[in-house]
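S.K.: what's the 3D shape of this:
(one chain, ligands or ions: 1)
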Amino acid sequence: MFHQLKLFVLCVAFCAFIVCLSVIFLSNSDAFFVKNGIRQHLEQIYKHHDLKESYSLPLIRWRGGPGNKVVESGRSFLDQSPKYPFLRQQGLLPARKLPNALLIGVKKGGTRALLEFIRLHPDVRAAGSEVHFFDRHYAKGYDWYRQNMPPTLEGQITMEKTPSYFVMREVPQRVYQMNPAMKLLVVVRDPVTRAISDYTQVVSKNVSLPKFEDLAFRNGSQFGLVDTTWIPIKIGVYIRHLERWLKYFPLKQIHFVSGERLIVDPAAEISNVQEFLGLKVIISEKHFYFNTTKGFPCLKKSEGQSSHHCLGKTKGRSHPLIDNEVIERLREFYRPFNARFYQVTGVNFGWP
Ligand SMILES: Nc1ncnc2c1ncn2[C@@H]1O[C@H](COP(=O)(O)OS(=O)(=O)O)[C@@H](OP(=O)(O)O)[C@H]1O
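M.R.: Purely as a prediction, here's the structure:
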(Lines give C-alpha, C1' and ligand atoms only; values in the text may rest on other atoms or scores of the structure.)
Protein backbone atom coordinates (compact mmCIF):
# COMPACT_ATOMS: atom_id res chain seq x y z
CA MET A 1 0.00 0.00 0.00
CA PHE A 2 2.77 2.48 1.00
CA HIS A 3 4.58 1.45 -2.17
CA GLN A 4 1.54 2.26 -4.34
CA LEU A 5 1.11 5.67 -2.69
CA LYS A 6 4.78 6.49 -3.35
CA LEU A 7 4.30 5.54 -7.03
CA PHE A 8 1.21 7.72 -7.26
CA VAL A 9 3.01 10.74 -5.78
CA LEU A 10 5.91 10.22 -8.16
CA CYS A 11 3.49 10.06 -11.11
CA VAL A 12 1.79 13.31 -10.04
CA ALA A 13 5.16 15.04 -9.62
CA PHE A 14 6.27 13.85 -13.06
CA CYS A 15 3.06 15.10 -14.70
CA ALA A 16 3.42 18.49 -12.98
CA PHE A 17 7.00 18.68 -14.25
CA ILE A 18 5.86 17.94 -17.85
CA VAL A 19 3.12 20.61 -17.61
CA CYS A 20 5.66 23.17 -16.33
CA LEU A 21 8.06 22.35 -19.15
CA SER A 22 5.30 22.79 -21.75
CA VAL A 23 4.25 26.15 -20.32
CA ILE A 24 7.84 27.42 -20.36
CA PHE A 25 8.31 26.26 -23.92
CA LEU A 26 5.03 27.65 -25.19
CA SER A 27 5.38 30.96 -23.43
CA ASN A 28 8.59 31.54 -25.37
CA SER A 29 7.06 30.77 -28.72
CA ASP A 30 4.74 32.64 -31.05
CA ALA A 31 2.31 29.77 -30.63
CA PHE A 32 1.66 30.83 -27.04
CA PHE A 33 1.24 34.39 -28.16
CA VAL A 34 -1.32 33.43 -30.73
CA LYS A 35 -3.04 30.76 -28.59
CA ASN A 36 -3.59 33.17 -25.74
CA GLY A 37 -5.21 35.64 -28.10
CA ILE A 38 -2.68 38.40 -27.36
CA ARG A 39 -2.07 38.97 -31.02
CA GLN A 40 -5.79 39.07 -31.74
CA HIS A 41 -6.20 41.40 -28.80
CA LEU A 42 -3.57 43.81 -30.15
CA GLU A 43 -5.06 43.66 -33.63
CA GLN A 44 -8.51 44.30 -32.24
CA ILE A 45 -7.24 47.37 -30.43
CA TYR A 46 -5.72 48.81 -33.57
CA LYS A 47 -8.67 47.91 -35.74
CA HIS A 48 -11.08 49.47 -33.28
CA HIS A 49 -9.37 52.86 -33.38
CA ASP A 50 -10.43 53.35 -29.83
CA LEU A 51 -8.41 56.12 -28.21
CA LYS A 52 -8.94 54.83 -24.70
CA GLU A 53 -7.73 51.33 -25.48
CA SER A 54 -4.79 52.26 -27.64
CA TYR A 55 -3.41 54.49 -24.90
CA SER A 56 -3.44 51.64 -22.45
CA LEU A 57 -1.88 49.09 -24.77
CA PRO A 58 0.51 47.18 -22.55
CA LEU A 59 3.29 45.88 -24.80
CA ILE A 60 3.88 48.71 -27.16
CA ARG A 61 2.88 51.64 -25.11
CA TRP A 62 4.75 54.89 -25.35
CA ARG A 63 4.40 58.30 -23.86
CA GLY A 64 5.40 61.71 -25.15
CA GLY A 65 6.80 62.84 -28.44
CA PRO A 66 9.71 62.02 -30.71
CA GLY A 67 12.99 61.11 -29.10
CA ASN A 68 11.17 59.82 -26.06
CA LYS A 69 13.40 57.65 -23.88
CA VAL A 70 10.55 55.33 -22.87
CA VAL A 71 10.15 54.24 -26.48
CA GLU A 72 13.83 53.60 -26.94
CA SER A 73 14.21 51.62 -23.75
CA GLY A 74 10.99 49.77 -24.57
CA ARG A 75 12.40 48.82 -27.92
CA SER A 76 15.74 47.61 -26.68
CA PHE A 77 13.93 45.45 -24.12
CA LEU A 78 11.76 44.03 -26.86
CA ASP A 79 14.75 43.62 -29.17
CA GLN A 80 16.08 41.00 -26.76
CA SER A 81 12.76 39.26 -26.36
CA PRO A 82 12.11 36.13 -28.43
CA LYS A 83 8.80 37.74 -29.35
CA TYR A 84 10.57 40.66 -31.07
CA PRO A 85 10.82 39.17 -34.58
CA PHE A 86 7.19 38.14 -34.40
CA LEU A 87 6.00 41.57 -33.29
CA ARG A 88 8.13 43.30 -35.91
CA GLN A 89 6.78 41.00 -38.60
CA GLN A 90 3.24 41.83 -37.51
CA GLY A 91 3.97 45.56 -37.59
CA LEU A 92 3.31 45.71 -33.86
CA LEU A 93 6.60 47.31 -32.90
CA PRO A 94 6.88 51.07 -33.26
CA ALA A 95 9.57 52.36 -35.60
CA ARG A 96 10.41 55.81 -36.94
CA LYS A 97 9.34 56.32 -40.55
CA LEU A 98 9.44 59.16 -43.05
CA PRO A 99 6.15 61.06 -43.12
CA ASN A 100 3.41 60.06 -45.50
CA ALA A 101 1.36 63.21 -44.88
CA LEU A 102 2.52 66.80 -44.55
CA LEU A 103 0.79 69.88 -43.24
CA ILE A 104 2.51 72.40 -45.50
CA GLY A 105 0.84 75.68 -44.56
CA VAL A 106 -0.15 78.34 -44.53
CA LYS A 107 1.64 80.25 -41.85
CA LYS A 108 -0.95 81.75 -39.46
CA GLY A 109 -3.71 79.77 -41.14
CA GLY A 110 -4.46 77.61 -38.10
CA THR A 111 -1.82 74.93 -38.68
CA ARG A 112 -1.15 74.29 -34.98
CA ALA A 113 -4.85 73.84 -34.26
CA LEU A 114 -5.23 71.42 -37.15
CA LEU A 115 -2.21 69.37 -36.10
CA GLU A 116 -3.30 69.19 -32.46
CA PHE A 117 -6.79 68.14 -33.52
CA ILE A 118 -5.81 65.47 -36.06
CA ARG A 119 -3.19 63.91 -33.82
CA LEU A 120 -5.95 62.92 -31.41
CA HIS A 121 -6.56 60.13 -33.88
CA PRO A 122 -4.96 56.86 -32.73
CA ASP A 123 -3.73 56.20 -36.26
CA VAL A 124 -1.90 59.51 -36.55
CA ARG A 125 1.46 60.27 -35.00
CA ALA A 126 2.98 63.69 -35.56
CA ALA A 127 6.22 65.46 -34.81
CA GLY A 128 5.48 68.04 -32.14
CA SER A 129 7.58 70.92 -33.43
CA GLU A 130 8.16 72.23 -36.94
CA VAL A 131 10.86 70.10 -38.56
CA HIS A 132 11.78 72.36 -41.54
CA PHE A 133 13.44 69.46 -43.32
CA PHE A 134 12.58 70.42 -46.90
CA ASP A 135 13.55 74.07 -46.52
CA ARG A 136 16.29 74.37 -43.87
CA HIS A 137 17.70 70.92 -43.14
CA TYR A 138 17.49 69.17 -46.48
CA ALA A 139 21.24 68.61 -46.66
CA LYS A 140 21.03 66.52 -43.49
CA GLY A 141 19.36 63.74 -45.44
CA TYR A 142 16.45 61.36 -44.98
CA ASP A 143 17.94 59.57 -41.96
CA TRP A 144 18.04 62.82 -40.04
CA TYR A 145 14.45 63.50 -41.09
CA ARG A 146 13.34 60.02 -39.99
CA GLN A 147 14.96 60.50 -36.60
CA ASN A 148 12.80 63.58 -36.12
CA MET A 149 9.63 61.59 -36.59
CA PRO A 150 7.74 59.85 -33.79
CA PRO A 151 7.75 56.04 -33.76
CA THR A 152 4.72 54.55 -35.45
CA LEU A 153 3.14 51.16 -35.88
CA GLU A 154 2.35 49.63 -39.26
CA GLY A 155 -0.65 51.39 -40.73
CA GLN A 156 -0.31 54.54 -38.64
CA ILE A 157 0.21 57.83 -40.45
CA THR A 158 3.39 59.77 -39.74
CA MET A 159 3.06 63.49 -40.20
CA GLU A 160 4.69 66.81 -39.51
CA LYS A 161 3.75 70.44 -40.03
CA THR A 162 6.03 73.14 -41.33
CA PRO A 163 3.98 76.07 -42.67
CA SER A 164 6.84 77.59 -44.65
CA TYR A 165 6.85 74.58 -47.02
CA PHE A 166 3.87 76.00 -48.90
CA VAL A 167 5.75 79.09 -50.05
CA MET A 168 9.33 77.88 -50.47
CA ARG A 169 10.17 77.37 -54.15
CA GLU A 170 12.38 74.31 -53.83
CA VAL A 171 10.05 72.35 -51.54
CA PRO A 172 7.45 70.79 -53.93
CA GLN A 173 10.11 69.07 -56.03
CA ARG A 174 11.93 67.78 -52.95
CA VAL A 175 8.76 66.39 -51.43
CA TYR A 176 7.91 64.74 -54.73
CA GLN A 177 11.35 63.16 -54.95
CA MET A 178 10.96 61.67 -51.49
CA ASN A 179 7.39 60.47 -51.93
CA PRO A 180 5.24 61.23 -54.99
CA ALA A 181 2.23 59.76 -53.12
CA MET A 182 2.58 62.23 -50.23
CA LYS A 183 -0.74 63.54 -48.91
CA LEU A 184 -0.67 67.30 -48.47
CA LEU A 185 -2.78 69.44 -46.17
CA VAL A 186 -3.11 73.21 -46.44
CA VAL A 187 -5.09 75.40 -44.04
CA VAL A 188 -5.96 78.67 -45.69
CA ARG A 189 -7.41 81.78 -44.14
CA ASP A 190 -8.56 85.16 -45.51
CA PRO A 191 -5.20 86.53 -46.74
CA VAL A 192 -5.88 89.98 -45.26
CA THR A 193 -6.42 88.69 -41.69
CA ARG A 194 -3.59 86.22 -42.26
CA ALA A 195 -1.24 89.14 -43.11
CA ILE A 196 -2.36 91.04 -40.02
CA SER A 197 -1.88 87.94 -37.88
CA ASP A 198 1.61 87.50 -39.35
CA TYR A 199 2.44 91.14 -38.62
CA THR A 200 1.06 90.79 -35.07
CA GLN A 201 3.49 87.97 -34.44
CA VAL A 202 6.49 89.90 -35.81
CA VAL A 203 5.63 93.08 -33.92
CA SER A 204 5.26 91.10 -30.69
CA LYS A 205 8.98 90.34 -30.97
CA ASN A 206 10.04 93.75 -32.28
CA VAL A 207 7.99 96.60 -30.87
CA SER A 208 9.86 99.21 -32.93
CA LEU A 209 8.52 97.76 -36.18
CA PRO A 210 6.73 100.35 -38.40
CA LYS A 211 2.94 100.29 -38.57
CA PHE A 212 1.25 97.56 -40.63
CA GLU A 213 0.07 100.01 -43.31
CA ASP A 214 3.57 101.49 -43.65
CA LEU A 215 4.88 98.05 -44.58
CA ALA A 216 1.93 96.83 -46.65
CA PHE A 217 2.15 99.62 -49.23
CA ARG A 218 5.04 100.91 -51.28
CA ASN A 219 6.45 104.28 -50.19
CA GLY A 220 4.79 103.69 -46.85
CA SER A 221 1.57 105.26 -48.09
CA GLN A 222 -1.76 103.50 -48.22
CA PHE A 223 -2.32 105.31 -51.52
CA GLY A 224 0.76 103.63 -52.98
CA LEU A 225 0.73 100.19 -54.57
CA VAL A 226 0.50 97.12 -52.37
CA ASP A 227 4.02 95.97 -51.57
CA THR A 228 3.99 92.45 -52.94
CA THR A 229 7.59 91.93 -51.86
CA TRP A 230 6.65 92.19 -48.18
CA ILE A 231 6.46 88.57 -47.00
CA PRO A 232 3.18 88.85 -45.04
CA ILE A 233 1.54 90.10 -48.25
CA LYS A 234 3.32 87.65 -50.54
CA ILE A 235 2.28 84.56 -48.59
CA GLY A 236 -1.41 85.42 -49.10
CA VAL A 237 -1.24 85.12 -52.89
CA TYR A 238 -2.11 81.47 -52.42
CA ILE A 239 -2.70 80.67 -56.07
CA ARG A 240 0.93 81.51 -56.98
CA HIS A 241 2.26 79.04 -54.42
CA LEU A 242 -0.32 76.41 -55.24
CA GLU A 243 0.62 76.51 -58.92
CA ARG A 244 4.15 75.43 -58.01
CA TRP A 245 2.79 72.43 -56.06
CA LEU A 246 0.49 71.49 -58.90
CA LYS A 247 3.51 71.00 -61.16
CA TYR A 248 4.31 67.95 -59.05
CA PHE A 249 1.14 66.84 -57.27
CA PRO A 250 -2.39 66.31 -58.59
CA LEU A 251 -5.11 68.28 -56.87
CA LYS A 252 -6.61 65.11 -55.39
CA GLN A 253 -3.47 64.72 -53.26
CA ILE A 254 -3.96 68.15 -51.68
CA HIS A 255 -6.65 68.81 -49.12
CA PHE A 256 -7.63 72.38 -48.25
CA VAL A 257 -8.95 73.27 -44.84
CA SER A 258 -10.75 76.53 -44.21
CA GLY A 259 -9.03 78.31 -41.33
CA GLU A 260 -12.28 80.15 -40.59
CA ARG A 261 -14.38 76.98 -40.45
CA LEU A 262 -11.74 75.29 -38.34
CA ILE A 263 -12.65 77.82 -35.64
CA VAL A 264 -16.41 77.79 -36.14
CA ASP A 265 -16.89 74.05 -36.72
CA PRO A 266 -13.67 72.15 -36.01
CA ALA A 267 -15.39 68.74 -36.01
CA ALA A 268 -16.66 69.17 -39.58
CA GLU A 269 -13.25 70.25 -40.89
CA ILE A 270 -11.46 67.46 -39.04
CA SER A 271 -13.97 64.95 -40.31
CA ASN A 272 -13.02 65.89 -43.90
CA VAL A 273 -9.34 65.65 -43.03
CA GLN A 274 -9.82 62.16 -41.59
CA GLU A 275 -11.59 61.07 -44.77
CA PHE A 276 -8.88 62.57 -46.95
CA LEU A 277 -6.24 60.68 -44.99
CA GLY A 278 -8.20 57.46 -45.37
CA LEU A 279 -8.88 57.22 -41.64
CA LYS A 280 -11.94 56.03 -39.83
CA VAL A 281 -13.77 59.15 -38.61
CA ILE A 282 -13.22 59.12 -34.87
CA ILE A 283 -12.60 62.74 -33.94
CA SER A 284 -15.96 64.44 -33.64
CA GLU A 285 -17.88 67.15 -31.78
CA LYS A 286 -17.44 65.27 -28.55
CA HIS A 287 -13.71 66.11 -28.56
CA PHE A 288 -14.22 69.89 -28.62
CA TYR A 289 -15.74 72.61 -26.54
CA PHE A 290 -15.84 76.34 -27.15
CA ASN A 291 -13.80 78.24 -24.59
CA THR A 292 -15.50 81.62 -24.26
CA THR A 293 -12.52 83.21 -22.49
CA LYS A 294 -10.14 82.28 -25.27
CA GLY A 295 -12.76 82.73 -27.97
CA PHE A 296 -11.66 79.53 -29.72
CA PRO A 297 -12.48 75.86 -29.72
CA CYS A 298 -10.37 73.83 -27.30
CA LEU A 299 -9.94 70.13 -26.62
CA LYS A 300 -11.88 68.31 -23.97
CA LYS A 301 -10.19 66.15 -21.39
CA SER A 302 -9.37 62.78 -22.88
CA GLU A 303 -7.29 59.72 -22.09
CA GLY A 304 -4.18 61.40 -23.51
CA GLN A 305 -4.86 64.77 -21.91
CA SER A 306 -5.04 65.21 -18.18
CA SER A 307 -7.33 68.24 -18.48
CA HIS A 308 -9.17 70.49 -20.94
CA HIS A 309 -6.65 71.91 -23.30
CA CYS A 310 -6.52 75.13 -25.35
CA LEU A 311 -3.71 76.23 -27.64
CA GLY A 312 -1.10 78.52 -26.11
CA LYS A 313 -1.12 82.31 -25.76
CA THR A 314 0.55 82.87 -29.14
CA LYS A 315 -2.49 81.36 -30.86
CA GLY A 316 -5.50 83.60 -30.96
CA ARG A 317 -3.80 86.91 -30.19
CA SER A 318 -5.57 90.27 -30.41
CA HIS A 319 -4.69 92.07 -33.61
CA PRO A 320 -3.89 95.78 -33.84
CA LEU A 321 -6.71 97.94 -35.12
CA ILE A 322 -6.19 98.61 -38.84
CA ASP A 323 -7.95 101.37 -40.73
CA ASN A 324 -10.94 100.11 -42.74
CA GLU A 325 -9.68 101.79 -45.90
CA VAL A 326 -6.42 99.89 -45.61
CA ILE A 327 -8.30 96.63 -45.19
CA GLU A 328 -10.51 97.39 -48.17
CA ARG A 329 -7.52 98.18 -50.41
CA LEU A 330 -5.90 94.90 -49.47
CA ARG A 331 -9.14 93.04 -50.12
CA GLU A 332 -9.26 94.60 -53.59
CA PHE A 333 -5.70 93.50 -54.18
CA TYR A 334 -6.33 89.89 -53.19
CA ARG A 335 -9.77 89.49 -54.81
CA PRO A 336 -8.62 88.31 -58.27
CA PHE A 337 -6.04 85.97 -56.77
CA ASN A 338 -8.64 84.55 -54.41
CA ALA A 339 -11.10 84.04 -57.28
CA ARG A 340 -8.51 82.08 -59.23
CA PHE A 341 -7.66 80.09 -56.11
CA TYR A 342 -11.34 79.15 -55.64
CA GLN A 343 -11.55 78.18 -59.29
CA VAL A 344 -8.48 75.92 -59.18
CA THR A 345 -9.27 74.28 -55.84
CA GLY A 346 -12.99 74.04 -56.53
CA VAL A 347 -13.70 75.51 -53.09
CA ASN A 348 -15.25 78.91 -52.42
CA PHE A 349 -13.71 79.99 -49.13
CA GLY A 350 -16.01 83.02 -48.99
CA TRP A 351 -13.41 85.65 -48.16
CA PRO A 352 -14.81 89.19 -48.48
N1 LIG B 1 -8.58 76.41 -31.71
C2 LIG B 1 -7.77 77.43 -31.93
N3 LIG B 1 -7.12 78.04 -30.92
C4 LIG B 1 -6.31 79.09 -31.16
N5 LIG B 1 -6.05 79.58 -32.38
C6 LIG B 1 -6.67 79.01 -33.43
C7 LIG B 1 -7.54 77.92 -33.26
N8 LIG B 1 -8.02 77.57 -34.46
C9 LIG B 1 -7.47 78.38 -35.35
N10 LIG B 1 -6.66 79.27 -34.73
C11 LIG B 1 -5.91 80.31 -35.43
O12 LIG B 1 -4.60 79.84 -35.63
C13 LIG B 1 -3.83 81.00 -35.88
C14 LIG B 1 -2.36 80.65 -35.78
O15 LIG B 1 -2.06 79.92 -36.91
P16 LIG B 1 -0.87 78.88 -37.00
O17 LIG B 1 -1.00 77.88 -35.90
O18 LIG B 1 -0.86 78.36 -38.38
O19 LIG B 1 0.37 79.81 -36.72
S20 LIG B 1 1.90 79.49 -37.06
O21 LIG B 1 2.09 79.66 -38.49
O22 LIG B 1 2.17 78.11 -36.61
O23 LIG B 1 2.65 80.48 -36.27
C24 LIG B 1 -4.31 81.98 -34.85
O25 LIG B 1 -4.10 83.27 -35.37
P26 LIG B 1 -4.21 84.61 -34.48
O27 LIG B 1 -5.65 84.70 -34.08
O28 LIG B 1 -3.82 85.71 -35.37
O29 LIG B 1 -3.29 84.43 -33.32
C30 LIG B 1 -5.79 81.63 -34.68
O31 LIG B 1 -6.65 82.54 -35.29
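
S.K.: give the contact list for Leu114.
M.R.: Leu103, Lys161, Leu185, Val187, Val257, Leu262, Glu269, Ile270, Val273 (Cβ atoms under 8 Å, 6 or more residues apart in numbering). All C-beta atoms are positioned from the backbone trio N, CA, C, and that covers glycine.

S.K.: Just list whatever residues bridge to the first one.
M.R.: Here Leu103 sits in beta bridges with Lys161, Leu185, as judged by DSSP bridges.

S.K.: Check the gap between it and Ala339 for me.
M.R.: Distance, Leu103 to Ala339, by Cβ to Cβ, to the nearest Å: 25 Å.

S.K.: neighbour count winner among those two?
M.R.: Leu103 (28 against 13; other Cβ atoms under 10 Å).

S.K.: so what's the nearest residue to Leu184 once chain neighbours are set aside scoring on pLDDT?
M.R.: Spatial nearest neighbour of Leu184, excluding adjacent residues (Cβ to Cβ, 6 or more residues apart in numbering): Ile254 at 4.6 Å. Looking at Ile254, its pLDDT stands at 98.

S.K.: Also Tyr84?
M.R.: With respect to pLDDT, Tyr84 scores 63.

S.K.: Adjust the sequence numbering to begin at 740 for everything that follows.
M.R.: Happy to do that; since the first residue is 740 now, the last one works out to Tyr823.

S.K.: ok, back up a step: I'd assumed Val925 was in contact with the residue nearest to Leu923.
M.R.: Yes. Using Cβ atoms under 8 Å as the test, Ile993 is close enough to Val925 to be in contact (6.4 Å).

S.K.: Mutual contacts of those two, please.
M.R.: Common neighbours of Ile993 and Val925 (criterion: Cβ under 8 Å, 6+ apart): Leu981.

S.K.: So between these two, which is more surrounded?
M.R.: Neighbours per residue, other Cβ under 10 Å: of Ile993 and Val925, the larger number sits with Val925, 25 against 18.

S.K.: residues touching the more buried one, list them.
M.R.: Contacts of Val925 by Cβ under 8 Å, 6+ apart are Leu842, Ile843, Gly844, Val845, Gly848, Phe905, Leu981, Ile993, His994, Phe995, Val996.

S.K.: isn't the fifth one right next to Val926, touching?
M.R.: Yes. Here Gly848 reaches Val926: they are 3.8 Å apart, a contact under Cβ under 8 Å.

S.K.: Please identify every residue contacting each of the two.
M.R.: With Cβ under 8 Å, 6+ apart as the test, Gly848 and Val926 both reach Val996, Gly998.

S.K.: ranges for the strands of the protein?
M.R.: 834-835, 840-844, 863-865, 890-891, 896-900, 922-927, 993-997, 1027-1030, 1035-1038 (DSSP state E).

S.K.: Please list which of the contacts of Val925 are also close to the ligand.
M.R.: When contact is defined as Cβ under 6 Å from any ligand atom, the contacts of Val925 meet the ligand at Gly848.

S.K.: Out of the contacts of Val925, which comes closest to the ligand?
M.R.: Gly848 (4.8 Å; Cβ to the nearest ligand atom).

S.K.: And for that closest one, the neighbour number?
M.R.: Count around Gly848 with other Cβ under 10 Å applied: 28.

S.K.: who touches it in this structure?
M.R.: Pro902, Val925, Val926, Val927, Arg928, Arg933, Val996, Gly998.

S.K.: try it again with 6 Å
M.R.: With contacts taken as Cβ atoms under 6 Å, 6 or more residues apart in numbering, Gly848 has the following neighbours: Val926, Val927, Arg928, Gly998.

S.K.: wouldn't the last one be in contact with Gly849 here?
M.R.: Pointing back at Gly998 there. Yes. Applying Cβ atoms under 6 Å, one finds Gly998 in contact with Gly849, separated by 4.1 Å.

S.K.: any shared contact partners between those two?
M.R.: Counting by Cβ under 6 Å, 6+ apart, the residues touching both Gly998 and Gly849 are Val926.

S.K.: between those two, which one's more packed in?
M.R.: The neighbour count for Gly998 versus Gly849, taken as other Cβ under 10 Å, is higher for Gly849 (28 against 24).

S.K.: Verify the contact between the more buried one and Leu1001 for me.
M.R.: Yes. Under the criterion of Cβ under 6 Å, Gly849 makes contact with Leu1001 at 4.8 Å.

S.K.: I'd like to know how far Tyr849 sits from the ligand.
M.R.: Small correction: residue 849 is Gly, not Tyr. Per Cβ to the nearest ligand atom, to the nearest Å, Gly849 is found 4 Å from the ligand.

S.K.: For the stretch 840-989 of the chain, give me the ranges with low pLDDT.
M.R.: By pLDDT under 70, the low-scoring segments of the stretch 840-989 of the chain are 961.

S.K.: Could you list the residues of it in contact with the ligand?
M.R.: Proximity of the stretch 840-989 of the chain to the ligand (Cβ under 6 Å from any ligand atom) is limited to residues Lys846, Lys847, Gly848, Gly849, Thr850, Arg851, Ala852, Pro902, Ser936, Thr939.

S.K.: So how do I select the buried members of these in PyMOL?
M.R.: Buried members of these, defined by 16 or more other Cβ atoms under 10 Å, are picked up in PyMOL with:
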select buried, resi 846+847+848+849+850+851+852+902+936+939
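
S.K.: Out of the residues of the stretch 840-989 of the chain next to the ligand, which comes closest to Val870?
M.R.: Distance to Val870 across those (Cβ to Cβ) is lowest for Pro902, with 11.5 Å.
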